[in-house]
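Sequence first, predicted model second:
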Amino acid sequence: MGSKIRAGLAVGALGVVTLVLAVSGATAQQPSSHANGPATGHMSRRLGLAALPPQGDDGDDIERPPPTRPPTTTTTASPRVIQSLAVTTDSVVATATLRYTGSPSLVTVQWGDGTSTSRNPGDPTDSPFPDPWTPSDPPGVSVFTHAYTAPSDGTAFPVSVVAQIGAESQAAAAIITPRYRVTQSAVSLTPLHPCDLPTEPETEWRVDRHGGSFGDRAWEFDLDEPAAWVGDYPGGTHTPPDSVVTWDGTVAAAPEVGYLVTERDLIDDDLGEYTQIIDFDPLLGSRSVSLYYFDIDSPFHGESCGAQVLADIDVRLLTPGLGGGPITRQ
C-alpha cells in the first residue's frame, strides 16, 4: 500500500508553530478502529514546536525589516551673551565692567541697593544711561558707575551687583568702604587777655601741632598788644602760614591733631601747659572748632593770659569721578 505524506505549518494565537503531518493512503478508506475517530482514512499528528520565523506560501522564510529606533537628537545650548562682569570700588563709587557678545538692545545693571541703570549700547543717546556716562565704550563692553549712600556709621558694607541682558544675568559681589576727606583750614590765633606787663609793647607766641600723619610743626611770631594795655581785647589775630592739613581715610582710621599754645617770656612762659585736640572723625561733619587756652596757674583764671585758636573743618564723602559736597554731622 502506497502512501503520501504532506507537511504544513500552522501558527497558533500565542506564536506557537504546529507542524502538521498528514499521511494518506492511495486505496479506499479503511474503517476506523476508534469509535469516535475521524471519518476519513487520514492520520494526523500535531507537534508543538518553539516559535519559528513565519514562512511564505512556498515555505520560504519571510524577511522582516530591522527594528527601527527613534532618531538621536543633540541639543546644543546657545552660547551665552554675557561673557564676564567685573566690579571695582573706590570709596562709595562702584564701577561695573560688563563684557558681552552680539548686539543687545538693552543692558541693565542692578546695584543691590534698590537702584539700577540701563543702556542701549546701539543707541546710547536714547537710553537712561548713568551720570556720568562713558561714551567711549568699545564694542562688546559697557561700563557703568554708581555712587552708594554711606551708612550713618560710615562702616563698610557688602553689595551684590547683577548685570542682565535679556533672560541672562550674572552677579558679582563687592565691598563698599566709605572714605572721607577731612580738611582743616589754616588755624588762627587771637590773644584773649593781656599776657605781658604794660611796659611790653608786644607778646611772643608759639603754636605747636602734634599728631596725625601730618608731622609735627611749630610756628613762632610776635603780636602787638592793644594800643593801651588796659585797652580792648581780643588783640590782633595771626594766621600761621602752611597750617592747612587734609586727610583722606575711613572712619575707623580718623586721626586726632593736637595744638599747644605758649606765650613766651624771658623767665617764665605762660600757657603751654596742655594740648587741645581737633578730632578728624568724619562723622562729626563740617564745623568750626574753637580751642581756648588760659594760664591755669593764675589766680585770675579766665581773666589772665589767654588765647583762642580757630579752625574750620570741612568733611566730604569721597566719590571719585562724581564730585560731592560738604557733609553735615551724622
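Arrived safely.

by contact count, what packs against the lengthiest strand in the chain?
Ranked by residue count and defined by DSSP state E, the top strand of the chain is strand 306-317. Applying 3 or more Cβ pairs under 8 Å, 6 or more residues apart in numbering; DSSP states H and E, we find strand 306-317 packed against strand 180-184, strand 188-193, strand 256-264, strand 276-279, strand 287-294. C-beta coordinates here come from the backbone N, C-alpha and C atoms, glycine included.

Give me the number of neighbouring residues for residue 305.
21 (other Cβ atoms under 10 Å).

give the contact list for it.
Contacts for residue 305 (Cβ atoms under 8 Å, 6 or more residues apart in numbering) come out as 193, 194, 195, 263, 270, 271, 294, 295, 298.

again, only using 7 Å
Applying Cβ atoms under 7 Å, 6 or more residues apart in numbering, we find residue 305 in contact with 193, 195, 263, 270, 271, 295, 298.

Switch those residues over to CSV; also include distance to residue 187 and pLDDT.
Output for those, formatted as CSV (distance: Cβ to Cβ, whole Å; pLDDT from 0 to 100):
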residue, distance to residue 187, pLDDT
193, 19, 78
195, 19, 79
263, 16, 87
270, 19, 79
271, 15, 80
295, 20, 77
298, 24, 55
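
from those residues, which would you call buried?
The neighbour-count test (16 or more other Cβ atoms under 10 Å) marks 193, 195, 263, 270, 271, 295 as buried among the contacts of residue 305.

Next SSE downstream of the helix or strand harbouring residue 96?
Element membership for residue 96, per DSSP states H and E: strand 93-100. Downstream of strand 93-100, the next assigned helix or strand under DSSP H and E is strand 107-110.

what's whatever helix or strand comes next after that following strand packed up against?
Following strand 107-110 in sequence order, the next helix or strand is strand 116-119 (DSSP H and E). With contacts taken as 3 or more Cβ pairs under 7 Å, 6 or more residues apart in numbering; DSSP states H and E, strand 116-119 sits against strand 107-110, strand 141-147.

what mean pLDDT does the shortest one have?
The average of the pLDDT scores along strand 107-110 is 95.

which of the residues in it are buried?
107, 108, 109, 110.

From the rest of the structure, what touches it?
By Cβ under 7 Å, 6+ apart, strand 107-110 touches 96, 98, 116-119, 121, 142, 144, 161-165.

most neighbours, which of those?
Using other Cβ under 10 Å as the neighbour criterion, residue 98 leads the contacts of strand 107-110 with 28 neighbours.

Pretty sure residue 283 sits in a helix.
Yes. Secondary structure of residue 283 (DSSP: H, G, I helix; E, B strand; the rest coil): part of a helix.

picking up where we left off before, as JSON lines, the contacts of strand 107-110 with pLDDT and distance to residue 206 would be great.
Formatted as JSON lines, the contacts of strand 107-110 follow (pLDDT from 0 to 100; distance: Cβ to Cβ, whole Å):
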{"residue": "96", "pLDDT": "95", "distance to residue 206": "53"}
{"residue": "98", "pLDDT": "95", "distance to residue 206": "59"}
{"residue": "116", "pLDDT": "96", "distance to residue 206": "58"}
{"residue": "117", "pLDDT": "92", "distance to residue 206": "55"}
{"residue": "118", "pLDDT": "90", "distance to residue 206": "61"}
{"residue": "119", "pLDDT": "84", "distance to residue 206": "60"}
{"residue": "121", "pLDDT": "81", "distance to residue 206": "64"}
{"residue": "142", "pLDDT": "89", "distance to residue 206": "59"}
{"residue": "144", "pLDDT": "91", "distance to residue 206": "54"}
{"residue": "161", "pLDDT": "98", "distance to residue 206": "54"}
{"residue": "162", "pLDDT": "98", "distance to residue 206": "59"}
{"residue": "163", "pLDDT": "97", "distance to residue 206": "60"}
{"residue": "164", "pLDDT": "97", "distance to residue 206": "64"}
{"residue": "165", "pLDDT": "95", "distance to residue 206": "66"}
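
coming back round to it: identify the farthest-apart pair in the contacts of residue 305.
263 and 298 (11.7 Å; Cβ to Cβ).

coming back round to it: from the buried ones among the contacts of residue 305, which single one is nearest residue 149?
residue 271 (44.2 Å).

what bridges to the closest one?
residue 262 (DSSP bridges).
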